[in-house]
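Participant: The sequence and its predicted three-dimensional model are supplied below.
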Amino acid sequence: MHDLIDRYLACWNETDSTARRDLIARTWADDASYIDPLVDAQGHDAIDAAIAATQGQFPGHVFALAGRVDAHHDVATAKQLFDDVTADEASGSADQNLLHLY
């Protein structure tokens, strides 16, 4: 499960569109969806477009894991940091969002 979360975060941090598409294909099912209050992305093309739009809106921001991952029965919950610093520099003051992977 940790490998999946690492790849998920890598998708959001990858700015090269070709490399990001490869990561999305290796991370997300063909019929996967990404939903948040502003986005309802269905499938790889829409997920890629949502990530690219987020990167365009927040250049330089980095997604990183914030703490431990709780996983059982093929479901994981984790907090992710979203900040304009590198993952190694991310601090507790960064925005934190709850991440659920099914």
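Facilitator: That came through, no problem.
Participant: Quick one: end-to-end length of stretch 8-27, please.
Facilitator: Stretch 8-27 has its terminal residues 6 Å apart, counting by C-alpha to C-alpha, to the nearest Å.
Participant: Okay, buried residues for it please.
Facilitator: For stretch 8-27, the neighbour count (16 or more other C-beta atoms under 10 Å) marks 8, 9, 10, 11, 12, 13, 14, 20, 21, 23, 24, 27 as buried. To be clear about C-beta, it is placed using only N, CA and C from the backbone, and glycine gets the same treatment.
Participant: quick one: average pLDDT of it?
Facilitator: Average pLDDT, stretch 8-27: 95.
Participant: Tell me the helices and strands packed up against the lengthiest helix in the chain.
Facilitator: In the chain, with assignment by DSSP state H, the single longest helix is helix 43-57. Applying 3 or more C-beta pairs under 8 Å, 6 or more residues apart in numbering; DSSP states H and E, one finds that helix 43-57 contacts helix 2-13, helix 17-27, strand 33-36, strand 39-42.
Participant: Which one, of those, ends up nearest to residue 49?
Facilitator: strand 39-42 (6.9 Å; C-beta to C-beta).
Participant: just checking, what packs against that closest one?
Facilitator: strand 33-36, helix 43-57.
Participant: just those: most buried one?
Facilitator: helix 43-57 (a mean of 16; mean count of other C-beta atoms under 10 Å).
Participant: got the CA positions of the next helix or strand after that one in PDB?
Facilitator: The helix or strand immediately downstream of helix 43-57 is strand 62-65, counting by DSSP states H and E. C-alpha atoms of strand 62-65 as PDB (Å, rounded to 0.1, in the frame of the first residue of the first chain):
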ATOM      1  CA  VAL A  62       4.800  19.800  -3.500                       C
ATOM      2  CA  PHE A  63       2.600  17.000  -2.300                       C
ATOM      3  CA  ALA A  64       4.100  14.900   0.500                       C
ATOM      4  CA  LEU A  65       3.000  12.400   3.100                       C
END
